[in-house]
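Trainee: coordinates only, sequence not included:
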C-alpha cells in the first residue's frame, strides 16, 4: 500500500501498537524503535483536522516517553511532551479521549520534573491531572487511578515545598481512590500502598501515631489482596515491615517487632519477587533481628541475603548501576555481620564460609563472576545464553507496572499475566542453575564454598581471619585440621582498625576460581596492621586474611 492511501496511517499506527506490545512482553529495544518509527510516519501522513490525529499523537508521545525511560535521552521526553500537548490542544473537553490525553501529558511532565527539577513541570503535571479528575465521573473505571496519580503528584509537591495543604489534598484524593476501588480490582493494592505512603509522610511531619497505625492498616490490606505470584507483593511486604519497625521504635512492643520480622521474611522468601527486592528485604530482616539480639533469626536473614546477593550480582554483570547500587547499600558488610552472628552462636565454620561468600560476591563480582560466565560460555554456550536471557528478564522490571495510565491502547499486562510470567521465569531460572551445577567445573555455582575446602588455604601454616563489624571484633585461627580457635577482641579500636584495613595492599590481584580465591589469604599488610595480627597468636607461620565491615 502506498503512502497516499487514506488507510495507510491507520495500518502504520496499528503495526506500531503491536510492536510496542511485543516490546512490553520481550523487552527487545528494536521493537520499540520500530513502533516509534511507524507511529511517527502515521502522524506525518495524517491530514490536519483528521479526527484520529490527536490519538495518533498521544500514542506516539507515550511510546517516546517509554524510550526515554529506557535510554534516558532527553530529546525523547521533549518530543513526547510536544506531541502529547498537541493531542490535548486538538481535543475538545467533551471528547471521551480527552482525559486519557491529559493523563498521559501529566505523567510525561512529572517525569520531566523528576529529571530536570523544574517546579513548573510538576505544577503543570498536577494541573493536567486535576483536569482529568474533573472530566470523569466517579463511576468511570479509570477514576481511582486518576485520583491516585493526582495524589502522588501532590505528595511530591509537598516534599518540595512543604505546604501542608498539598499533603492534605494528596491524602484526600488517595483516600477517595481507595473508596472507589473494589477489593477484587487488581489495582486496589496500589491504591492502598499510595495512601499509606502519604500517611507515612504525614506521620513523619506531625508525629501523630494514629497516622502510622493507619499506614499499617492500609499496607496490611495491600498485602492481603495481592497474590503470591505477583512480584509487587514483596514490595508491599517490605513497606509494611518498615512501618511496623517504626511503630516498634515508638512503643517497643515485642509484637510489633515480631510482625516486622515476619513481613521481611515473607518478602525475602517470595519466589516471584524481583531478586533485588528480595535481597533488600532479607538484609532488613537480618539487621533488625541483629540489633534487637535475636541472633538465630539474624543469621538466617544474613544467609538468605548473601544467597540472594549472588543472584543479584550475577544478574547485574553487564549493568554498572547494579554494582553502584551494591556499593551504595554497603553490601560488603553483610558477610562480616553474618560472621559475627555465627561466631557468637559458636558456629565458627559457618562464620568462615559466610565471610568467604560475602567477600567473593562483592569484591570480586567483576572478575570472579564474569570469569565463571566466560568459562560457562566455553563449556555450554547455549546454557550460558539462556541463563543471561532469563536473568535479565527476572530483574528488569519489564512486567512491573505500578502506575496507572488511561486509554484503550495502554497495553498493560493483567496481574494474572504477570503472575504466570514470573512463575515461569523463576522456574526456568532454577532449572538452568541446576543444569549448570551438573557440569563438572560448576558444582558450587552460586553457592558458598564449604569450610573443608576453604581451610586448605592453610597448607603453609595457620590462617587468621580477623572480622570486624559494628557488632564487635573477633579473630578465628585454624589450620588444615583440628578445631577453629576463637579469639575475641573487645578492646580493639574499631575506627582505627577499619582505617588500617583500608590500607591493605593486595599481593595477589587475580581472583576468580575457588583456587584463586584461596590466594587472597596471602597479602602484604602495613606494619601496624601486621603487628595486630601477630599479637593474636605466637604461631610463626600465619597467613592473615582480614575482613572489615561498616554500617
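Mentor: Structure's in. What do you need? Bear in mind the structure is a predicted one, so any value in this text is a computation, not a measurement. Numbering: from 1, shown residues only.
Trainee: What is the burial count for residue 335?
Mentor: 30 (other C-beta atoms under 10 Å). Where you see a C-beta, it was placed from the backbone N, CA and C, and this is true even at glycine.
Trainee: Show the model's pLDDT score for it.
Mentor: If you check residue 335, the pLDDT there is 86.
Trainee: Hmm, residue 355 and it touching each other?
Mentor: Yes. Using C-beta atoms under 8 Å, residue 335 makes contact with residue 355 at a distance of 4.8 Å.
Trainee: Now do the phi/psi pair for residue 451.
Mentor: phi -60, psi -40 (degrees, to the nearest 10).
Trainee: and the residue nearest to it when sequence neighbours are not counted, what element?
Mentor: With sequence-adjacent residues excluded and distances taken as C-beta to C-beta, 6 or more residues apart in numbering, residue 451 is closest to residue 349, at 4.1 Å. Secondary structure assignment for residue 349, by DSSP states H and E: helix 348-362.
Trainee: After that helix, which helix or strand is next?
Mentor: helix 370-379.
Trainee: by contact count, what packs against the helix or strand that that next one is followed by?
Mentor: Counting by DSSP H and E, the next helix or strand C-terminal to helix 370-379 is helix 381-396. Under the contact definition 3 or more C-beta pairs under 8 Å, 6 or more residues apart in numbering; DSSP states H and E, helix 381-396 sits against helix 275-291, helix 295-315, helix 370-379, helix 415-437.
Trainee: Give me the residues contacting helix 381-396.
Mentor: 27, 274-276, 312, 314-317, 373, 376-377, 425-426, 428-429, 432-433, 435-436 (C-beta atoms under 8 Å, 6 or more residues apart in numbering).
Trainee: show me where pLDDT drops low in this protein?
Mentor: 1-4, 313-332, 360-371, 392, 395-416, 418-419, 448, 457-460, 494, 496-551 (pLDDT under 70).
Trainee: residue ranges for the strands of it, please.
Mentor: Remark: strands assigned in the chain by DSSP state E are 462-469, 472-478, 485-488, 542-548.
Trainee: Can you list the strands that the second one pairs with?
Mentor: Okay, so that is strand 472-478. Within its sheet, strand 472-478 is paired with strand 462-469 (antiparallel), strand 485-488 (antiparallel), according to DSSP bridges.
Trainee: and that strand with helix 348-362, angle?
Mentor: Here strand 472-478 runs at an angle of 110 degrees relative to helix 348-362 (axes from the mean of the first three to the mean of the last three C-alpha atoms, to 10 degrees).
Trainee: In strand 472-478, which of the residues would be classed as buried?
Mentor: Residues 473, 474, 475, 476, 477, 478 are the ones in strand 472-478 that count as buried (16 or more other C-beta atoms under 10 Å).
Trainee: so how far is it from its chain's centroid?
Mentor: Strand 472-478 sits 33 Å away from the centroid of its parent chain (C-alpha atoms, centre = their mean, to the nearest Å).
Trainee: Count the neighbours of residue 141 for me.
Mentor: 12.
Trainee: I'd like the distance between residue 101 and residue 53.
Mentor: 11 Å (C-beta to C-beta, to the nearest Å).
Trainee: right, I mislabeled it, should have said residue 194
Mentor: 34 Å.
Trainee: In terms of neighbours, single out the busier of these two.
Mentor: residue 194 (25 against 19).
Trainee: tell me the contacts of residue 47?
Mentor: Neighbours of residue 47 in contact, by C-beta under 8 Å, 6+ apart: residue 53.
Trainee: heads up, I number from 4, so please use that
Mentor: Sure, I'll start numbering at 4, so the last one becomes residue 50.
Trainee: Ramachandran angles for it?
Mentor: phi -70, psi 140.
Trainee: same check, this time on residue 492
Mentor: phi -130, psi 70.
Trainee: Pretty sure it sits against residue 478.
Mentor: Yes. Under the criterion of C-beta under 8 Å, residue 492 makes contact with residue 478 at 6.2 Å.
Trainee: OK, contacts around the nearest residue to residue 164 once chain neighbours are set aside?
Mentor: Nearest non-adjacent residue to residue 164, counting by C-beta to C-beta, 6+ apart: residue 122, 7.9 Å away. Contacts for residue 122 were tallied using C-beta under 8 Å, 6+ apart; they are 116, 163, 164.
Trainee: among the residues you listed, who's most crowded?
Mentor: Most surrounded of the contacts of residue 122: other C-beta under 10 Å gives residue 116, at 22 neighbours.
Trainee: just to revisit the earlier point, looking at the helices and strands packed on helix 384-399, spot the one closest to residue 25.
Mentor: Proximity to residue 25, assessed across the helices and strands packed on helix 384-399 by C-beta to C-beta, is greatest for helix 418-440 (14.0 Å).
Trainee: what comes into contact with the closest one?
Mentor: 189, 230, 232-234, 274-275, 379, 383, 386, 389-390, 393-394, 396-397, 402-404, 416, 445-450.
Trainee: Report the buried members of those.
Mentor: The buried subset of these - by 16+ other C-beta under 10 Å - is 189, 232-234, 275, 379, 383, 386, 389-390, 393-394, 396-397, 402-404, 416, 445, 448-449.
Trainee: rewinding a little: check whether the residue nearest to residue 454 really touches residue 487, as I assumed.
Mentor: Yes. The criterion here is C-beta under 8 Å, and residue 352 meets it with residue 487 at 6.7 Å.
Trainee: Just put the strands paired with strand 475-481 in TSV and tack on distance to residue 201 and mean neighbour count.
Mentor: Converted to TSV, the strands paired with strand 475-481 look like this (distance: least, C-beta to C-beta, whole Å; neighbours: other C-beta atoms under 10 Å):
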stretch	distance to residue 201	mean neighbour count
strand 465-472	36	24
strand 488-491	48	14
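Trainee: Residue 155: which of the ones you listed is closest?
Mentor: It is, among these and with distance given as C-beta to C-beta, strand 465-472, at 38.2 Å.
Trainee: Determine which of the strands paired with strand 475-481 approaches residue 347 most closely.
Mentor: By C-beta to C-beta (comparing all of these), the closest turns out to be strand 488-491, at 9.5 Å.
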